[in-house]
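>>> need a 3D model of the sequence below.
(chains A and B)
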Amino acid sequence: MEIKKITIRGGIGKDGEREKVQEFELKMGDIISIVGPTGCGKTTLINDIELFANYNTPSQRQILINDEPIPDDFSFDPSKHPIALISQHTNFLSDLPVGEFLTIHAAVRGAENAENIIEETLDFANQLTGESINRLTGMTELSGGQTRSLLIADAVIIGNSPIILLDEIENAGIHRTKALELLKKYDKIFVFVTHDARIALLSDFRIIMKQGAMQKVIYTGIEERRAAQELKKIDDVMLEFRRLIRAGEEITEPVFNENIKNLVYNNI
Amino acid sequence: MKLVIFAGPPTCGKTTVIRQVIKRMEVKKLKTAYIKIDVLYADEDEMINKEFGIPTKKIYSGELCPDHCNVVVLDEAVEWAEREGAEFLFVETAGLCLRCSPYVENSLGIVVLEATSGMNLPRKIGPMLTLADISVITKIDLISQAEREVFRYRVLQAAKDITVVESNALYGIGIDPIVKQIEKVQHIDFPMFLKGNPPVGTCTICVGKKEIGAKNHFGVLRTLDSDLFYVGE
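As a prediction, this is how the structure comes out:
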């Protein structure tokens, strides 16, 4: 099935009231964010999308693909599953070596050239991590950052899913700007659950959540796009400090001044 | 009477799945009775009776293996459920060595497996999985989607015709497809027959010989390096 768009129809919030956002659509190439305080139902929303909710989850939402609801049996064959959910898990529970796990997953997904795909997956993951992942390592031995990197790479390349849901990729200690950059090369729908201002402002639009309900949709305008550019500078400076600290450097006054000198506030 | 037998390793979420299923049976006005077979302790029957007001019962297998106990008492359990006016009897077994299979011909066999239990579980449990009609995979929220896909693959490798249902039973997600299958179950026939052959059950250890070592026993035996062999009449 070729996916052109998905539609999310609102249900009810934690108080049982109808959600203010009654419907929104995602088309191929869209990048959107879901934002709101902890516990407001962001993860529940992407879980509903991933489960193709059809009034059968507590939120009473409905998900349509190309304007059609999803037949019950369709949801249960993962090899046809067009949605990859990268959850907040920072550890695997599978007692298999990385190589074997990826080989099985590639087979489940019907990959034709499994060897190349596994290689590409590990390359992608290793661009996001500090220390490289190798095939013989047990899945359960990977660090939090390595786990998230592998999950993202696996979903994009082995899963090759047209719709990718990412739950708070920023708090996994991975190179998130690099992740965004790599992800943008693939023509997919990306839905980020995030607390990160930059990821939110680089999205086409964002859904604001409160009390388990979608409150409003904000489209990213020209002003916000400019703001995102300015935030990028601050962000890059922070990342550079992180890199220096990780590399064992000292943040002396000259090092500090050198790094913040480009941070001239531009009035947007 | 329509019979649904739930099996699965301890703490895999059988009772949680059953509670969610009963909740939906109630909505559909389908009369269900519930029986729990456990070894030494169970309070699920009281819990379910309190929550739904349906007839419940428990049986302690004690010195018997719970699945052995199931075979011995199931006909009376069905009669009990009939007297209680139920259309469906749900049996939850504690199944211990996991080598047995408690499923009865014409019943619906449901094996509950937790997604977190390791990729080799489907290969370890034999007929409890391979003779079941539905495999409910619980606790899917605790593992990644990629792991879910690989776990499901391992289940289907072990039991290729089984219907796999992934469920987050705590939140009632993935329960509807189970109920749909339950509604399609046929009536059981008497006498009832087990679907599979249980492992050899009478042995010198069962009858009380406690000495260690094959040379002290007869019947079906093996040694460290040999396959099974038989000593005796």
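
>>> okay, CA-based contacts and neighbour counts for the rest of this
OK.

>>> which elements pack onto whichever strand or helix holds B:L89?
Using DSSP states H and E, the element containing B:L89 is strand B:88-93. Strand B:88-93 makes packing contacts with strand B:2-7, strand B:32-38, helix B:66-83 when contacts are defined by 3 or more CA pairs under 8 Å, 6 or more residues apart in numbering or on different chains; DSSP states H and E.

>>> the longest one: which residues count as buried?
Using 16 or more other CA atoms under 10 Å in any protein chain shown as the burial criterion, the residues of helix B:66-83 that qualify are B:66-70, B:77-78, B:80-81.

>>> would you turn those into CSV with pLDDT and distance to B:T223?
Output for the buried residues of helix B:66-83, formatted as CSV (pLDDT from 0 to 100; distance: CA to CA, whole Å):
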residue, pLDDT, distance to B:T223
B:P66, 81, 27
B:D67, 80, 27
B:H68, 79, 26
B:C69, 82, 29
B:N70, 84, 31
B:A77, 93, 40
B:V78, 94, 42
B:W80, 95, 45
B:A81, 96, 45
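
>>> return the residues of the stretch 151-268 of chain A in contact with chain B.
With CA under 8 Å from any CA of the partner chain as the criterion, the stretch 151-268 of chain A meets chain B at residues A:151, A:154-155.

>>> which of those fall within strands?
Using DSSP state E, no member of these sits in strands.

>>> buried ones among those?
Buried members of these, scored by 16+ other CA under 10 Å, are A:151, A:154-155.

>>> residues in contact with the strand holding B:L89?
Residues from elsewhere that reach strand B:88-93 (CA atoms under 8 Å, 6 or more residues apart in numbering or on different chains): B:1-8, B:14-15, B:30-38, B:66-67, B:70, B:78, B:81, B:102.

>>> can you pull out the strands in chain B?
B:2-7, B:32-38, B:56-60, B:88-93, B:108-114, B:134-138, B:163-166, B:219-221, B:229-231.

>>> one more: the stretch 101-250 of chain A?
For the stretch 101-250 of chain A, applying DSSP state E, counting those that start in this stretch gives strands covering A:163-167, A:189-193, A:205-210, A:213-219.

>>> buried stuff in stretch B:45-56?
For stretch B:45-56, burial by neighbour count (16+ other CA under 10 Å) applies to B:45, B:48, B:54-56.

>>> how about B:I205, nearest residue that isn't a chain neighbour?
B:H217 (7.9 Å; CA to CA, 6 or more residues apart in numbering or on different chains).

>>> show me what from chain B comes close to chain A.
Residues of chain B lying close to chain A by CA under 8 Å from any CA are B:116, B:118-119, B:142-147, B:149-150, B:153, B:164-166, B:171-173, B:177.

>>> domain ranges for the chain?
This is for chain A. Taking automatic domain parsing as the criterion, chain A consists of the domains A:5-223, A:224-268.

>>> wrong one, I was asking about chain B
Looking at automatic domain parsing, the domains of chain B come to B:2-183, B:200-233.

>>> could you pull up the mean pLDDT of the shortest one?
In other words, domain B:200-233. What domain B:200-233 shows for mean pLDDT is 79.

>>> for chain B, which spans come out with low pLDDT?
The model of chain B has pLDDT under 70 over residues B:95-98, B:199-202.

>>> change it to 90
Within chain B, the stretches with pLDDT under 90 are B:9-13, B:38-42, B:60-73, B:93-102, B:116-121, B:123-127, B:139-149, B:166-177, B:189-190, B:194-233.

>>> count the neighbours of B:F151 for me.
Neighbours of B:F151 under the rule other CA atoms under 10 Å in any protein chain shown: 25.

>>> now it: how far from B:K139?
Distance, B:F151 to B:K139, using CA to CA, to the nearest Å: 12 Å.

>>> what of B:E105?
Between B:E105 and B:K139 the distance is 29 Å, computed by CA to CA.

>>> and for A:T57?
16 Å.

>>> what's the answer for A:G221, then?
41 Å.

>>> give me the neighbour count for A:T103.
Burial of A:T103 is recorded as 18 neighbouring residues (other CA under 10 Å).

>>> who are the contact partners of it?
Applying CA under 8 Å, 6+ apart, the residues contacting A:T103 are A:114-115, A:118.

>>> ok, of those residues, which come out buried?
Among the contacts of A:T103, those classed as buried by 16+ other CA under 10 Å are A:114, A:118.

>>> related to what we said a few turns ago, now, which of the buried ones among the residues of the stretch 151-268 of chain A next to chain B lie within helices?
Those of these mapping onto helices are A:L151, per DSSP state H.

>>> tell me what angle the strand holding B:L89 forms with strand B:32-38.
10 degrees (axes from the mean of the first three to the mean of the last three CA atoms, to 10 degrees).

>>> parallel or antiparallel, which strands does strand B:88-93 pair with?
Under the criterion DSSP bridges, strand B:88-93 sits next to strand B:2-7 (parallel), strand B:32-38 (parallel) in its sheet.

>>> could I get the ones you listed in JSON lines, plus columns for mean neighbour count?
Rendered in JSON lines, the data for the strands paired with strand B:88-93 read as follows (neighbours: other CA atoms under 10 Å in any protein chain shown):
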{"stretch": "strand B:2-7", "mean neighbour count": "24"}
{"stretch": "strand B:32-38", "mean neighbour count": "24"}
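
>>> spatially nearest residue to A:D187 (excluding sequence neighbours)?
Nearest residue to A:D187, sequence neighbours excluded (CA to CA, 6+ apart): A:G29, at 5.2 Å.

>>> A:L93 too?
Of all residues not flanking A:L93 in the chain, A:T140 sits nearest, at 5.7 Å (CA to CA, 6+ apart).

>>> give me the residue from the stretch 101-250 of chain A nearest chain B.
As assessed by CA to the nearest CA, chain B sits closest to A:H105 within the stretch 101-250 of chain A, at 5.8 Å.

>>> do you know how far that residue is from B:V220?
41 Å.

>>> which of these two has more residues huddled nearby?
Higher neighbour count among A:H105 and B:V220: A:H105, with 25 against 16, using other CA under 10 Å.

>>> surely that one and A:I157 touch.
No - with contact defined as CA atoms under 8 Å, A:H105 and A:I157 do not form a contacting pair (10.9 Å).

>>> which other residues reach stretch B:204-214?
B:217-219, B:221-223.

>>> what is the end-to-end distance of that stretch?
10 Å.

>>> mind listing the helices for chain A?
A:42-50, A:98-108, A:114-128, A:144-153, A:176-183, A:197-201, A:222-246, A:253-260.

>>> weakest of those in terms of mean pLDDT?
Least confident of these, judged by mean pLDDT, is helix A:176-183 with a mean of 81.

>>> quick check: B:V231 touching B:R222?
No - using CA under 8 Å, B:V231 is not in contact with B:R222, being 10.0 Å away.
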